[in-house]
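# After the sequence you'll find the predicted model.
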Amino acid sequence: MKLNVRAQSAQNLHNNSPIVLVHGLFGSLDNLGILARDLVSDHDILQVDMRNHGLSPRSEEMNYPAMAQDLVDTLDAHNIEKATVIGHSMGGKAVMALTALAPDRIDHLVAIDIAPVNYHVRRHDEIFAAINAVTNAGVATRQQAATVMREFLNEEGVIQFLLKSFVDGAWRFNVPVLWEQYANIVGWETIPAWDHPALFIPGGNSPYVTEAYRDDLLAQFPQAKAHVIAGAGHWVHAEKPDAVLRAIRRYLAE
């Protein structure tokens with residue numbers, strides 16, 4: 001599946017591989033824009049809407065091999081032989097899955113606050129409830145939608161993030177499929193070891209990358225390095241963009 005993208009050319013001459021930025025669950029290609037704005041100085045940038053999100057095609061299938069194939073199809077469509085892939089959360093798992101499908105297409109890999117594990121945890125039921133309540137209320141504006149959502153969610157940042165995908169009275173993500181396929185999204189099938197340097201950027205306050213996952217992570221990414229961002233939660237790049245960019249640039253320069 002060829003994904004909807006925003007493509008930008010580098011502002012300066014360079015010899016760097018293009019960067020593909022991959023958002024997480026309930027997101028869109030805008031989500032990693034804060035990284036794109038810096039990295040575009042010396043990289044061509046492709047920001048993607050994942051399947052069932054944003055303006056990309058819909059599918060009943062929502063699993064990581066399919067998402068990785070979407071990334072290959074999108075690289076092919078843009079004549080990109082090899083790319084640096086940077087993904088957050090679900091997007092981080094998608095770029096990790098790409099190492100199993102097309103390892104030769106990856107130059108560098110960055111996974112932001114996610115590990116290659118099955119989490120066995122439902123962290124998004126309140127979000128689904130809030131999203132469905134907005135749909136059932138039949139509201140048209142983001143302001144009205146926010147009022148409905150505050151009955152279910154108390155983190156204003158999460159509400160505003162979700163509302164970026166509420167356009168003309170409708171959600172841009174495919175809610176029924178995300179609900180149906182949720183086990184695949186939080187799940188993970190172990191992949192062969194990708195024996196190249198990879199960077200993991202956990203938030204110091206986040207439960208997504210902990211010592212408990214270390215062995216699983218290193219079995220699949222034996223050359224992984226972790227750069228923990230102290231004081232950040234799951235939305236590391238939004239909370240501490242400068243620290244995240246410093247870590248990414250240091251890794252890309254090695």
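Nice, thanks for sending it over.

# Can you show me the strands along this protein?
5-8, 19-22, 45-48, 83-88, 106-112, 166-167, 170-171, 198-201, 224-226 (DSSP state E).

# Buried deepest among those strands, which one?
Neighbour counts (mean count of other Cβ atoms under 10 Å) averaged over each of the strands of the chain peak at strand 19-22, with a mean of 29. For the C-beta atoms, the positions are set from N, CA and C on the backbone; glycine is no exception.

# hmm, who's touching that strand?
Residues outside strand 19-22 that contact it (Cβ atoms under 8 Å, 6 or more residues apart in numbering): 29, 32, 35-36, 39, 43-48, 50, 71, 74-75, 80, 83-88, 91-92, 94-95.

# what's the spacing between that strand and its chain's center?
9 Å (Cα atoms, centre = their mean, to the nearest Å).

# again, but for stretch 145-165
For stretch 145-165, the distance to the chain centre is 19 Å (Cα atoms, centre = their mean).

# Just the buried positions in it, please.
By neighbour count on 16 or more other Cβ atoms under 10 Å, the buried set for stretch 145-165 is 145, 146, 148, 149, 152, 153, 158, 159, 161, 162, 163, 165.

# Check stretch 51-70 too.
Buried, per 16+ other Cβ under 10 Å, within stretch 51-70: 51-54, 56, 62-70.

# Just put these in JSON lines and tack on distance to residue 246 and pLDDT.
What follows is those, written out as JSON lines (distance: Cβ to Cβ, whole Å; pLDDT from 0 to 100):
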{"residue": "51", "distance to residue 246": "32", "pLDDT": "98"}
{"residue": "52", "distance to residue 246": "33", "pLDDT": "98"}
{"residue": "53", "distance to residue 246": "28", "pLDDT": "98"}
{"residue": "54", "distance to residue 246": "28", "pLDDT": "98"}
{"residue": "56", "distance to residue 246": "31", "pLDDT": "98"}
{"residue": "62", "distance to residue 246": "33", "pLDDT": "98"}
{"residue": "63", "distance to residue 246": "33", "pLDDT": "98"}
{"residue": "64", "distance to residue 246": "29", "pLDDT": "98"}
{"residue": "65", "distance to residue 246": "33", "pLDDT": "98"}
{"residue": "66", "distance to residue 246": "33", "pLDDT": "98"}
{"residue": "67", "distance to residue 246": "28", "pLDDT": "98"}
{"residue": "68", "distance to residue 246": "28", "pLDDT": "98"}
{"residue": "69", "distance to residue 246": "33", "pLDDT": "98"}
{"residue": "70", "distance to residue 246": "30", "pLDDT": "98"}
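
# Looking at these, spot the one nearest residue 119.
Residue 119 lies nearest to residue 64 out of the buried residues of stretch 51-70, by Cβ to Cβ, at 13.1 Å.
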